[in-house]
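In: Okay, predicted coordinates and the sequence, questions at the end:
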Amino acid sequence: MVAGAVNGAMGGARRRLVELLRAKGIRDMAVLRAFDLTPRHQFVPTGVRHRAYEDAPLQIGSGQTISQPSIHARYLEILALQ
């Protein structure tokens, strides 16, 4: 996990994202927990870190994007991983 003020600010954004996922119908508690614990901002380019917890696709370079979190959450829920 990220330490200090960044963790505090990003932690709040992460919790808001989890609440948004719930509102969009994600019910699998393991999926919600994974999104709550994963520091998504550490996996996106620095230029878009401030948008890491938005439910929107993000530019990741070379003309590519990463899908919005709700799409990933839905995929994981459908997989029903054990």
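Out: Looks like it came in fine.
In: could you list every residue that touches the nearest residue to residue 61 once chain neighbours are set aside?
Out: Distances taken as C-beta to C-beta, 6 or more residues apart in numbering put residue 45 closest to residue 61, at 6.1 Å, once the chain neighbours are dropped. Quick note: C-beta positions are derived from backbone N, CA and C, even for glycine. Contacts for residue 45 (C-beta atoms under 8 Å, 6 or more residues apart in numbering) come out as 59, 60, 61.
In: Need those in a markdown table (columns: secondary structure and distance to residue 40).
Out: Output for those, formatted as a markdown table (DSSP: H, G, I helix; E, B strand; the rest coil; distance: C-beta to C-beta, whole Å):
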| residue | secondary structure | distance to residue 40 |
| --- | --- | --- |
| 59 | strand | 15 |
| 60 | strand | 12 |
| 61 | strand | 16 |
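In: By neighbour count, sort out the buried ones in the residues you listed.
Out: Using 16 or more other C-beta atoms under 10 Å as the burial test, those include no buried residue.
In: closest to residue 15 among the residues you listed?
Out: Nearest to residue 15 among the contacts of residue 45 is residue 60, at 23.6 Å by C-beta to C-beta.
In: Against residue 64, how distant is the residue nearest to residue 61?
Out: From residue 45 across to residue 64, the span is 11 Å (C-beta to C-beta, to the nearest Å).
In: swap in residue 56?
Out: Applying C-beta to C-beta to residue 56 and residue 64 gives a distance of 15 Å.
In: got it, and residue 8?
Out: Distance, residue 8 to residue 64, by C-beta to C-beta: 30 Å.
In: Who has more neighbours out of residue 56 and residue 64?
Out: The neighbour comparison of residue 56 against residue 64 (other C-beta atoms under 10 Å) goes to residue 56, with 13 against 9.
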